[in-house]
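[1] Sequence below, structure please.
(chains A and B)
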Amino acid sequence: MNLILVTFIILLAFTSYYFGRKKALVIQSSQRLTALPKFYGYYLAAWCAAPALIIFALWSVFEPSIVKTFILQDYTDQNLTKNELQLIYTKVKALAAGTYTGNITNFLDESANKYIQLKGIANSAKVAIILAILILSLSFAYRSVQKNDRMREPVEIFLKWVLFVASLGAVLVTIGIVFSLLFEAIRFFQAVKIFDFIFGTHWYPAKTFVRDGQPDPELMKDAFGAVPLFAGTFFIAFIAMCVAIPIGLLSGIYLSEYAGRGVRKYAKPIIEILAGIPTVVYGFFAALTVGPFVKEIGNAMGLEVSAESALAAGAVMGVMIIPFISSLSDDVITAVPQNLRDGSYAMGATKSETVKKVIFPAALPGIVGSILLAVSRAVGETMIVVMASGLAANLTMNPLESTSTITAQIVVILIGDQQFGDPKTQSAFALGISLFIVTLFLNVIALSVVKKYREKYE
Amino acid sequence: MSKIKAENVNVYYGSKQALFDVSIDIAEKEVTALIGPSGCGKSTFLRCFNRMNDVIEICRVEGSIKMDNLELNSRKLDVVRLRENVGMVFQKPNPFPKTIYENVAYGPTIHGIAQSKEEMDQIVETSLKKAALWNEVKDRLDEIGTGLSGGQQQRLCIARAISVSPEVILMDEPCSALDPIATAQIEELIDDLKKEVTIVIVTHSMSQAARVSQKTGFFHLGKLIEFGPTDKIFKNPDNQQTQDYITGRFG
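    Below is the predicted model:
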């Protein structure tokens, strides 16, 4: 029903576009147009589609809650809790849809009938109202087309609002995500002291699990210390950067300064393919190939190596990040003006001297920016660490032991059965928001550094 | 006394020929101006003297260019040594994003000229003085060179070029990005410098060529049309094309 209605509105809008343009051509024969004929079309189409779609959207948003209020009115005298009411409403809906399998009481049956009835009324009302609005707005718009009113300004204003609504949507969604993270995190911090979370050195949420009732507050105190996770996250990111920065940077310099056109043409896309490999593939590569390999080598050298070592996960993550650094630093190095190179060469500097003394310092802010972006990517990387670095949150600085990261723990917490309102589940949100703050911080610094760099050469 | 002697120089960019059989004698401690309409090959020719065309992948130079009997257009030539002897100043001022001091000290550092910090200070001071910039920057040598005005930047580039005491300085339209006052300063500087170095300058401004140079070469469509004393070129050229260009009938 809804689909047909929306399709109808959109088709009508297209038709009115052609109609409006045609009308403009007719007007043109007797008087001067106020805009190009297509603006007449846009004007009609906008007036046709916009009001009807807005009403349609509002209706769709409010209809369910209004229907719900009507249905639950019958239950107000039964002193039910909010959750019970919600359950009843769900049952009524299921019954109306014919998917309910439980006991059907008379009362429920009645409600279901009422629900179907209400829905029917609502649907017809919706169609009627939207048709009425279509007729009203189209006739209004058609009249101003007939009068040959100014068409350009309303169309431009309309477009401005369309763009505004799109950006508003993006901003609101972002804010919504941040706030939902924040609220759940606040609930978590009501159960666990923020001090214990930030400075605690034991992360073992599983031990707070109790079958019924509230967990022991003493246990809570010692179960949610995030220090091992932060340490693990930064440790693995550090290992990754140790791999990615030298290789990425040197290959970026090679590609931008040394490689001939032929090499560059093929090498650059190949390196960028690395960025296109799904992280889950890197993950099992790390878990099944690199991890055991590192363990074998370590054992051969007489070292104690875990099969899920931080080294393996970090190294593979580093490989994943190489293309970011090489591609971004290639771009910033290429953006260094050619006349600086010329100036250096003309002084008799060799290529490596020019790179080291002129190009690299000039590109440094941009390179630092790209590295920070890469770090924030490494800190937020999930799949590789989940698969390759182990899930036990050890507080260790030994790259051969297994350790865990914030992202990996969020996965561990939220897969499988979980109970909402449980501190264990909520701790995922606290971790999420800490991670968000860290990466946001890194991104802000990176972007401001890159911006400064741009200003310098513009 | 001839400093640079070019014979039958042909330059190609890929399959396109940019210079045709150019031969020229550049005299020592004089200013030689190369003039001509845009795209006539005068800059390309200038860049042959310090092998800057090497930087352009598709560029190919044929013919003989000798400086003091040293063949410049040879694979065996030590390009680093050559560029130490032949400095260059570009169209757009291009100081490095480093301090004023570091800009001037760049060449001496690369070529290992200064033995001590004092010697380096001395080189920087002399070069800046020769470039008539010392008085303006002596109190702020540790400021970034790119923060100077356009004219100052160009004089800084000249100071950078003379810091390694080259025998020849090539100037590729050094004043085209500058205002008249800065231009006058640079021209004055060129006049001073020619006591010690040979200068080849490419310029779009005929009045500039007339003011600063002793010899002038006129290029058109990749050919050297006429070359001779500046006075003669501007007052009584042999060639009709030169006459037309000088009097502003084309170009």
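
[2] all contacts plus neighbour counts: C-alpha atoms, from now on.
    Noted.

[3] Mark out where each domain of chain A begins and ends.
    A:2-150, A:220-456 (automatic domain parsing).

[4] Among those domains, which comes closest to A:F183?
    For A:F183, the closest of the domains of chain A is domain A:220-456, at 8.7 Å, according to C-alpha to C-alpha.

[5] picking up where we left off before, which one of the domains of chain A lies nearest to B:A210?
    domain A:220-456 (26.8 Å).

[6] Based on its surroundings, how many neighbours for A:D74?
    11 (other C-alpha atoms under 10 Å in any protein chain shown).

[7] In JSON lines, list the domains of chain A along with distance to chain B and mean pLDDT.
    Output for the domains of chain A, formatted as JSON lines (distance: least, C-alpha to the nearest C-alpha, whole Å; pLDDT from 0 to 100):
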{"stretch": "domain A:2-150", "distance to chain B": "43", "mean pLDDT": "88"}
{"stretch": "domain A:220-456", "distance to chain B": "4", "mean pLDDT": "87"}
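
[8] Out of those domains, indicate the one that is most buried.
    domain A:220-456 (a mean of 20; mean count of other C-alpha atoms under 10 Å in any protein chain shown).

[9] any idea which helix or strand carries the spatially most central residue of chain A?
    Closest residue to the average C-alpha location of chain A: A:T174 at 8.4 Å, with C-alpha atoms, centre = their mean. Using DSSP states H and E, A:T174 sits in helix A:152-191.

[10] That helix - what's its average pLDDT?
    Regarding helix A:152-191, the rounded mean pLDDT is 92.

[11] quick one, strands of the stretch 351-458 of chain A?
    Ranges of strands within the stretch 351-458 of chain A: none, based on DSSP state E, counting those that start in this stretch.

[12] Ignore what I typed, I meant the stretch 201-350 of chain A.
    Counting by DSSP E, counting those that start in this stretch, the stretch 201-350 of chain A contains no strands.

[13] Chain B now?
    Using DSSP state E, the strands of chain B run over B:2-13, B:16-27, B:31-35, B:59-67, B:70-71, B:86-89, B:168-172, B:198-202, B:215-220, B:223-229.

[14] Direction included, what does the last one pair against?
    So that's strand B:223-229. strand B:215-220 (antiparallel) (DSSP bridges).

[15] Excluding its own residues, what touches the strand it pairs with? List them.
    B:30-37, B:40-42, B:209, B:224-231, B:233, B:242 (C-alpha atoms under 8 Å, 6 or more residues apart in numbering or on different chains).

[16] pLDDT wise, what is the most centrally placed residue in chain B at?
    Nearest residue to the geometric centre of chain B (C-alpha atoms, centre = their mean): B:L170, 1.6 Å. We have a pLDDT of 95 for B:L170.

[17] Surely it is in contact with B:N85?
    No: contact criterion C-alpha atoms under 8 Å: B:L170 and B:N85 do not qualify, at 10.7 Å.

[18] List the buried residues of stretch A:172-185.
    A:L181, A:L182, A:E184, A:A185 (16 or more other C-alpha atoms under 10 Å in any protein chain shown).

[19] What is the distance between it and the centre of its chain?
    12 Å (C-alpha atoms, centre = their mean, to the nearest Å).

[20] And the helix holding A:T174, what does it pack against?
    Judged by 3 or more C-alpha pairs under 8 Å, 6 or more residues apart in numbering or on different chains; DSSP states H and E, the packing partners of helix A:152-191 are helix A:37-73, helix A:423-456.

[21] who does the shortest one touch, helix- and strand-wise?
    By that I understand helix A:423-456. Against helix A:423-456 (3+ C-alpha pairs under 8 Å, 6+ apart) you get helix A:152-191, helix A:360-380, helix A:406-414.

[22] which is the next helix or strand following the first one?
    Looking back up the chat, that one is helix A:152-191. helix A:194-199.

[23] Please identify the buried residues of that next one?
    Buried-residue list, helix A:194-199, by 16+ other C-alpha under 10 Å: A:I194, A:D196, A:F197.

[24] Which pLDDT value does the model give the first one?
    It refers to A:I194. On the pLDDT scale, A:I194 gets 84.

[25] measure stretch A:340-360 end to end?
    11 Å (C-alpha to C-alpha, to the nearest Å).

[26] next one: that stretch to chain centre, how far?
    With C-alpha atoms, centre = their mean, you get 42 Å for stretch A:340-360.

[27] and chain B, which residues reach chain A?
    Residues of chain B lying near chain A by C-alpha under 8 Å from any C-alpha of the partner chain: B:50, B:52, B:79-84, B:87-90, B:92, B:94-97, B:107, B:110-111, B:161.

[28] Derive a ChimeraX selection command for the buried subset of the contacts of strand B:215-220.
    Only the buried entries of these go into this ChimeraX selection, using 16+ other C-alpha under 10 Å:
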select /B:30,31,32,33,34,35,36,37,40,41,42,209,224,225,226,227,228,230,233,242
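
[29] so A:T407 makes contact with A:T382?
    Yes: assessed by C-alpha under 8 Å, A:T407 is found in contact with A:T382 at 5.2 Å.

[30] what are the phi and psi angles of A:T201?
    When read as degrees, to the nearest 10, the backbone of A:T201 gives phi -110, psi 10.

[31] And for the residue in the stretch 151-251 of chain B that chain A sits nearest to, nearest residue in space, chain neighbours not counted?
    Closest residue of the stretch 151-251 of chain B to chain A, C-alpha to the nearest C-alpha: B:A161 (6.8 Å). Nearest non-adjacent residue to B:A161, counting by C-alpha to C-alpha, 6 or more residues apart in numbering or on different chains: B:G87, 5.1 Å away.

[32] Count the residues that sit near the one you found.
    The number of residues packed around B:G87, counting by other C-alpha under 10 Å, is 28.

[33] isn't A:G225 right up against A:K193?
    No: assessed by C-alpha under 8 Å, A:G225 is found out of contact with A:K193, at 9.9 Å.

[34] end to end, how far does stretch A:98-106 reach?
    15 Å.

[35] which residues are contacting it?
    When contacts are defined by C-alpha under 8 Å, 6+ apart, stretch A:98-106 is touched by residues A:K91, A:A94.

[36] Return the backbone torsion pair for B:I113.
    Dihedral angles (degrees, to the nearest 10) for B:I113: phi -80, psi -40.

[37] quick one, phi psi at the closest residue to it other than its chain neighbours?
    Sequence neighbours aside, B:V164 is the residue nearest to B:I113 in space, at 7.6 Å (criterion: C-alpha to C-alpha, 6+ apart). Main-chain dihedrals, B:V164, degrees, to the nearest 10: phi -100, psi 20.

[38] same question, B:N69
    Per degrees, to the nearest 10, the backbone of B:N69 is at phi 70, psi 10.
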